[in-house]
Structure formats: structure tokens, C-alpha cells
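>>> I'll drop the sequence and a predicted model, then ask my questions.
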Amino acid sequence: MTVYLALAAVLLTAALLASCWSRPLWSRPRSSRPHSSRPHSSRLRWAGRSGLVLACVLSVVTAAALQVNELVQAYPASAPPPPSATSGSRMLTVSVPGKASGLTLQMYVYLPAAYRTGAGRYPVIEALHGYPGSPQTWLRRLHVQSYLDQEIAAGRMAPTIVLFPYQTPRRLLDTECTNLRNGPPAETFLTVDVPAYAREHYRVRAGGAAWGLTGYSAGGFCSIDLLLRHPTRYAAAASMSGYASPGIAIGDGSERTTNNPGWRLRRLPQPAVSLWLGWAADDKQSARDSRRLCSESRAPLSVTTAVVAHGGHSDAVWIQMEPPAFDWLSAHLARPLP
């Protein structure tokens, strides 16, 4: 996709240069041309300028469309990367028919190499994406399969099944993993339908002690919010550059109350779960929100923090956070059962 963006930029630059170069040619004083050629030359001049304007507009529209698609990944360039030939792990693509939510959405499923042998049952992590975005960001830009393979092979993380569900039926509709009033019930899909599908199709451990959440950006907010709202279904969550509030209108006012982690920590009993908050020091909003959540937390809620020196709100920061976040989650979830 980056190649296409570069090509669009080149085309736009070429069109603008051509316009600048040819303008003097078409703007010569009329006295320099024979009188009989004026009608034809005028039409040529009009057509040429119109063509260049059209080329500029098309280049801008193409570049903008490619950039939006890069962000929301509504039309991925190709299928997910193939499994690593040496690690033995697999990344599957499935469709989850949500019986409780009524949503049917795609999901990627990471199976560790150990899953191929034996009959063991494994802990599960739901990994949530940001907005705009999709699970493709985890796979293609954050290289999650390689990092999971690396951490499991090194013994820093137990073999774990990791689920990468879509969180919205429309790529430009931001659900923040909530049940939008008069909109898709994303929370129900993620907390009821996705676990039900995993239990039916894979050897996963039952019980909340073996289930965790993680996410970056808006997905970080999702992981915090869902953990606090469903402490019997999840034992821990790791937020990478997450927020303390959803930033959207849910439709029932809960963005200021029960779907607002800060409000929950101040007003409701805090659950006996574990939370990892990571952010970049120069990511002002995430840093401010994460520090505020830390200050509002108290036992039995356990909070661990991690700070990257710089990098802002970016893939580069989340790539740095991935290994320690997954390692920490694994240490706070029940181990695989033989």
C-alpha cells in the first residue's frame, strides 16, 4: 500500500510540474499566433488545462483514498501472512456467527506451535485493534505472529491462543467495543460470541482465570473497559497507549458513567483483576489518561505501568510494547493444561 501512495504522490507532482511548465506555452499573447488559428488554439488551451486540472484532482483523490484504506484496511492488499515455516504456529482466518449479538464478523486466530501436538487446553488473549484500523494492523504492521512465536520460544510467554476479532461491521463506524444504542452490539459480540466460538472450535481453557485482553490505542481503551465491566470473564488486560474514556457518544450516556473506566474506578467497587498500562512519554493524551487511571486505582485491582521514552502514538511504540505486554499477560493468566 505504501508503494501505491508513493505512486499517487509522484503522479500528483508530475501533473503539477506539467501544469507549471505548460502554462507559459498556453498563455502566450494572442498576437503571437495567426488570427485564423485562434479558435482551434483556444479549444486546445482549454482542453489542456482541463486535462491537467483533472489529473491533479484524480491524483489527490487517489492518494486520499489509499491513505484512508491504509488506516481502516477495508480492502486489505492480500491475505494474512503465511505461517512461519520454522515456528510451527498458525494464523487462521474464520468467520464468527454471533448468536447473541446477531453480528457475523471475521476473526484471525493464532494457534501456537504446541497446539499441533497433544490434547492440551490453552489460555486465551483477545487482541483488539484501534480506530481507524482492523486486525490487519496486528498482523501486517505490528508483526504480532513473529513476536508471539519469539516470546513463546524463549519461555517468556506460555503457549497461548490469541484471537484478533473485528470490532465493527463497518470500518468507519467506531464502536469502542460498546453496545451502541441503535447500532451494532460490539461488546456482546466480543465478550459473549467470540469466547463461545473459541470454546466450540478450539482447545481453550474455560473460566475467566485463563482469559485476558490486550489492545493498542482505541483497542487499549477497549481492553480496560471490558476488563472492568466483565471481571469474571477476564483476569487481566494490557493496554498499549489506551484512553480513560471512549471518546464517542454511545447513545445511552454510558460514555460518562458505566463505559467510562475513570468513572467506574471512582464510583464502583474495584474488581480483583490485573491491569497493565503502557504509554509513550510524549503521547500526551494517553500518558495523561493512563496516569489518571493509575491514581484512581486501589486494591484489590492491581496495576503495572510501563513507559516508552518517545515515539508518540505510533506503530513504533506498540512494537516496543508488544513483547512485554504479552509476557506480562501470560504471567497473569492460568497456565496451559496438559
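Happy to help now that I have it. Numbering: from 1, shown residues only.
>>> wasn't residue 286 part of a helix?
Yes: assessed with DSSP: H, G, I helix; E, B strand; the rest coil, residue 286 lies in a helix.
>>> and the gap between the residue nearest in space to the middle of the chain and residue 280?
Nearest residue to the geometric centre of the chain (Cα atoms, centre = their mean): residue 129, 2.7 Å. Going from residue 129 to residue 280 by Cβ to Cβ, to the nearest Å gives 18 Å. Quick note: C-beta positions are derived from backbone N, CA and C, even for glycine.
>>> for the chain, which spans come out with low pLDDT?
For the chain, the stretches with pLDDT under 70 are 1-86.
>>> so which residues of it form helices?
Taking DSSP state H, the helices of the chain run over residues 2-26, 38-72, 135-136, 144-153, 186-188, 194-201, 218-229, 261-267, 284-296, 315-331.
>>> next, the angle from the last one to helix 284-296.
This points to helix 315-331. 30 degrees (axes from the mean of the first three to the mean of the last three Cα atoms, to 10 degrees).
>>> what sits up against helix 315-331?
123, 125, 137, 141-144, 147-148, 150-151, 156-158, 160, 212, 214, 216-217, 236-238, 240-241, 276, 278, 280, 283, 304, 306, 308, 311 (Cβ atoms under 8 Å, 6 or more residues apart in numbering).
>>> how far does that helix sit from its chain's centre?
15 Å (Cα atoms, centre = their mean, to the nearest Å).
>>> now the angle from it to helix 218-229?
Using the same axes, to 10 degrees: helix 315-331 against helix 218-229 is 30 degrees.
>>> buried residues in helix 315-331?
Under the neighbour-count criterion of 16 or more other Cβ atoms under 10 Å, helix 315-331 has 317-330 buried.
>>> save the residues you listed as a markdown table, and put in distance to residue 180 too.
Shown next, in a markdown table, are the buried residues of helix 315-331 (distance: Cβ to Cβ, whole Å):
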| residue | distance to residue 180 |
| --- | --- |
| 317 | 29 |
| 318 | 26 |
| 319 | 31 |
| 320 | 33 |
| 321 | 28 |
| 322 | 29 |
| 323 | 34 |
| 324 | 33 |
| 325 | 27 |
| 326 | 29 |
| 327 | 34 |
| 328 | 31 |
| 329 | 27 |
| 330 | 32 |
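>>> now a ChimeraX select for only the buried ones of the contacts of helix 315-331.
The ChimeraX selection below is limited to those of those classed as buried (16+ other Cβ under 10 Å):
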select :123,125,137,142,143,144,147,148,150,151,157,158,160,212,214,216,217,236,237,238,240,241,276,278,280,283,304,306,308,311
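>>> out of the contacts of helix 315-331, which sit inside strands?
Using DSSP state E, the subset of the contacts of helix 315-331 located in strands is 125, 212, 214, 216, 236-238, 240, 276, 278, 280, 304, 306, 308.
>>> ok, of those residues, which one's closest to residue 228?
Comparing the ones in strands among the contacts of helix 315-331 against residue 228 with Cβ to Cβ places residue 237 closest, at 8.6 Å.
>>> show me what the closest one is bridged to.
For residue 237, the beta-bridge partners are residue 213, residue 275 (DSSP bridges).
>>> how much space between it and residue 319?
19 Å.
>>> contacting residues around residue 108?
Listed by Cβ under 8 Å, 6+ apart, the contact set of residue 108 reads 80, 91, 92, 93, 94, 135, 138, 139, 163, 164.
>>> among those, name the buried ones.
So, by 16+ other Cβ under 10 Å, the buried ones in these are 80, 91, 94, 135, 138, 139, 163, 164.
>>> how about those residues, which pair is most distant?
Farthest pair in the buried ones among the contacts of residue 108, by Cβ to Cβ: 94 and 138, 15.2 Å.
>>> list the contacts for residue 189?
Counting by Cβ under 8 Å, 6+ apart, residue 189 has contacts 96, 98, 100, 101, 103, 105, 165, 167.
>>> among those residues, which one sits closest to residue 87?
Nearest member of the contacts of residue 189 to residue 87, counting by Cβ to Cβ, is residue 165, at 22.6 Å.
>>> my guess is that closest one contacts residue 95. True?
No: Residue 165 lies out of contact with residue 95 (Cβ atoms under 8 Å); the separation is 10.7 Å.
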